[in-house]
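Student: When you get a sec, could you give me coordinates for this:
(2 chains)
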Amino acid sequence: MSELANAFVQLDEQTVYKLVDQKISEGVSPLDIIKECNQGLTEVGELFALGQYYLTELMFSAEIMQAVMEKLEPLISNTENKQNTLGTVVIGTVKGDIHDIGKSIVVSLLKTHGFEVIDLGVDVPAEKFIEAVKQSGAKVLGMSALLNSTYQEMKNVVDALEEAGLRENVKVIIGGTICTENVRKFTGADAYANDAMTGVKFAKSVYGVE
Amino acid sequence: MSEEIKKLYNERLGRFQAAIALEPTDRVPLIFNTVYYAEKISGYTYQQIMYDPQIWAQVEVDFSKKYPEVDTFRTNLVWAPTWDILNHQLWRVPGRDIPPTSLQQFVEKEWMKADEYRMFIEDPVGYRMEVYLPRVLGEFKEKGTVRSYIAFLKAGFAQGLVAAMNRERISRLENEVGVPMPCMGGFTAPFDYIADNYRGLHGIMRDMFRQPDNVLEACEAILPDLISRALASADPKKRYPIFIATHKPCFMSPKQFDTFYWPTFKKGVLKLIEAGYTIRVFLEGDWSAHWHHLAELPKGKLLCDIDNEADIFKAKEAFGHQQCITGGIPNDILILGTPEDIKQRVKLLCETVGKDGGWAPNGGGHIPENTKPENFRALIDAILEYGRYSDGPPPEPKQAPPTPENLDLPEPKVITPWEVIKEENGWSIPGDEKLIKYWWDRLESMAYNWVMSQ
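Tutor: So this is what the prediction gives:
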């Protein structure tokens, strides 16, 4: 692993920024720098899956990556940027629930892993999810919830996708600590996630990455 | 209280207290904490209950009549006008911001900025009055205007009304249906106080990496006030445990928890135990990486509500020999499952974690609102069938332990001590100064606690 990727794994924020600045001044291509950072990011994800890193560490890695992207984005052309996108994910917290934290963690991780994310916010009615899936052609729809009073609402969204004739085009994942296999079955979703990395892995598998 | 109701009350309280103390009792106790299901089956909306204290009290009494086997429970609500009158930004209110049938929801944000730690640490109450409260209380945004003074006056009246309502509700439960409280008063872990109310999860996460010393100092700075507040709100007769809802440990690594969370949490809890109280603590999310610490606390003093994300069987192994636990019924089975699913689950729990006491059934820290009535009934029936330890009556309630003489508790804080106003006015006090000072300081510390807890 490179020095930069390693600094990422150690969550050594200042070293990451210093190395990125150094590489930019040496003329290393932004996409190559991103690739190196991604190695570190992937390793952080692995450590999280192994239970060696916890949520706050995972979040901080995304935080560092966002700061790196702020440095690099102005240097990347639009075409390169588009090529660099793994795919589009539509996401929101379902109607009746205004909790933002879990969703925003998933959003930042999806972005740092290279997805384009359409974040519909919180308390999102079914029509809005349907509209966004239709408009964007996204193959992944994520619904987030914290309250266990939202089971029915998540089911409503899946039913509405069916009615709109979109169900075949899009894989649905529900996420939040309240989600279980029972809840997945009840709602008709394709998958459920209790942690943010599971959501990222699901999106990657749908888009055939890794 | 009639003799019959008194007997019922004593049986329930005795069973509850014995369970916490890990002492023998007649059956697995039904000692729920928050039961949102009670509000849902009442036929009233959350808005109706939260704006009408009579309805609220009736909902609780009716629930107890419907389920007399339940030893204790509570509706975990707030009289909503307390939020309206201040235009409180931390809460979304049923019927005002969200549908009347929705539960209130908390708005977590970076209400304190990353560079404001020193201001808070050096003068907690000054920081709150000058910076924090104008941000979180809409009616205090224009500090110093007539409107802002009126907001504080209204809040003071409301505090008095709320105290009267709580007394009334608790008294009706005790005297009409013989139900003790599952907890009374509250302590907050200093780290959660800073994380939930000030910095939000994203903010506190950054702070642990970027300014760890400030986080630690802030936790220490607020600890005495949080202990004072817990003691001021606790049951003076020490019958009921003091409640703590923990929020952030499930997101923290063991190293972070050991550094930032546990030291001030432990100090606070030990102080309250030393003062003669038991503690009921909701371990939100998956606490399993931190469980071993709970075994460090004195035996039989904590009642721990285990959330659905954690494994109740492992919790029993990790610290169940030292503290009583509740939980083990997945919320999704209560909401989506069948009575048979519930019966099998309760049977399993009675035969394992509940076999020798020290366990009570619960969902993930609460009974969810959409629980099917037939499932809740099945839960109770299964406890009566599989959860019996003996035929005898439950033990008598415990005598309140005396407060140790040399107990070193933080002094309740005030903004203007009696001595200051006395000196300013040159009062020579020809009468009994103690009488005057007592009420001066008492109202001062009530006001101080109010400012620290909004």
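Student: check contacts around residue B:133.
Tutor: Contact partners of residue B:133, counting by Cβ atoms under 8 Å, 6 or more residues apart in numbering or on different chains, are B:140, B:451, B:454. Quick note: C-beta positions are derived from backbone N, CA and C, even for glycine.
Student: Just the pLDDT for the last one.
Tutor: According to the prediction, residue B:454 has pLDDT 83.
Student: neighbours around it, how many?
Tutor: Neighbours of residue B:454 under the rule other Cβ atoms under 10 Å in any protein chain shown: 16.
Student: which ones are touching it?
Tutor: Contact analysis of residue B:454 by Cβ under 8 Å, 6+ apart lists B:86, B:88, B:128, B:133, B:136-137.
Student: and it, how far is that from chain A?
Tutor: Taking Cβ to the nearest Cβ, to the nearest Å as the measure, residue B:454 and chain A are separated by 20 Å.
Student: ok, now how distant is that residue from residue B:51?
Tutor: When distances are taken as Cβ to Cβ, to the nearest Å, residue B:454 and residue B:51 turn out to be 20 Å apart.
Student: Domain map for the chain?
Tutor: No chain in the question, so chain A it is. A:3-81, A:85-206 (automatic domain parsing).
Student: Let me rephrase: I mean chain B.
Tutor: Following the assignment in automatic domain parsing, chain B carries domains at B:3-410, B:413-454.
Student: Buried deepest among the ones you listed, which one?
Tutor: Of the domains of chain B, the one with the most neighbours on average (mean count of other Cβ atoms under 10 Å in any protein chain shown) is domain B:3-410, at a mean of 19.
Student: Endpoint to endpoint, it covers what distance?
Tutor: For domain B:3-410, the first and last residues are 40 Å from each other (Cα to Cα, to the nearest Å).
Student: A strand includes residue B:258, no?
Tutor: No. The secondary structure assignment for residue B:258 gives helix rather than a strand, going by DSSP: H, G, I helix; E, B strand; the rest coil.
Student: ok, so what distance separates it from residue A:205?
Tutor: Distance check for residue B:258 against residue A:205: by Cβ to Cβ, it reads 36 Å.
Student: Could you do residue A:172 as well?
Tutor: With the distance defined as Cβ to Cβ, residue A:172 ends up 14 Å from residue A:205.
Student: swap in residue B:66?
Tutor: Distance from residue B:66 to residue A:205, by Cβ to Cβ: 48 Å.
Student: likewise residue A:167?
Tutor: Distance from residue A:167 to residue A:205, counting by Cβ to Cβ: 18 Å.
Student: Tell me which of the two has more neighbours.
Tutor: With neighbours defined as other Cβ under 10 Å, residue A:167 and residue A:205 compare such that residue A:167 has more, 17 against 13.
Student: and that one, what are its phi and psi?
Tutor: As for residue A:167, its main-chain torsions (degrees, to the nearest 10) stand at phi -60, psi -30.
Student: Ramachandran angles for the nearest residue to residue B:165 once chain neighbours are set aside?
Tutor: Of all residues not flanking residue B:165 in the chain, residue B:53 sits nearest, at 4.4 Å (Cβ to Cβ, 6 or more residues apart in numbering or on different chains). Note on residue B:53: backbone dihedrals following degrees, to the nearest 10 are phi -60, psi -30.
Student: and residue A:108, what is it in contact with?
Tutor: Contacts of residue A:108 were listed using Cβ under 8 Å, 6+ apart, and they are A:59, A:62-63, A:66.
Student: Now, those that are in helices?
Tutor: Using DSSP state H, A:59, A:62-63, A:66 are the members of those that sit in helices.
Student: Show me just the buried residues among those.
Tutor: With neighbours counted using 16 or more other Cβ atoms under 10 Å in any protein chain shown, the ones in helices among the contacts of residue A:108 contain these buried positions: A:59, A:62-63.
Student: still on that earlier bit, can you tell me which of the contacts of residue B:454 is nearest residue B:383?
Tutor: Nearest to residue B:383 among the contacts of residue B:454, counting by Cβ to Cβ, is residue B:88 at 39.0 Å.
Student: and that closest one, bridged to which residues?
Tutor: Going by DSSP bridges, residue B:88 is paired in beta bridges with residue B:137.
Student: Go ahead and confirm it touches residue B:138.
Tutor: Yes. At 7.4 Å, residue B:88 and residue B:138 qualify as touching, with contact defined as Cβ atoms under 8 Å.
Student: quick revisit: so which of the domains of chain B comes closest to residue A:130?
Tutor: domain B:3-410 (21.1 Å).
Student: thinking in terms of the whole chain, how far from its middle is that closest one?
Tutor: On the basis of Cα atoms, centre = their mean, to the nearest Å, the separation between the geometric centre of domain B:3-410 and that of its chain is 3 Å.
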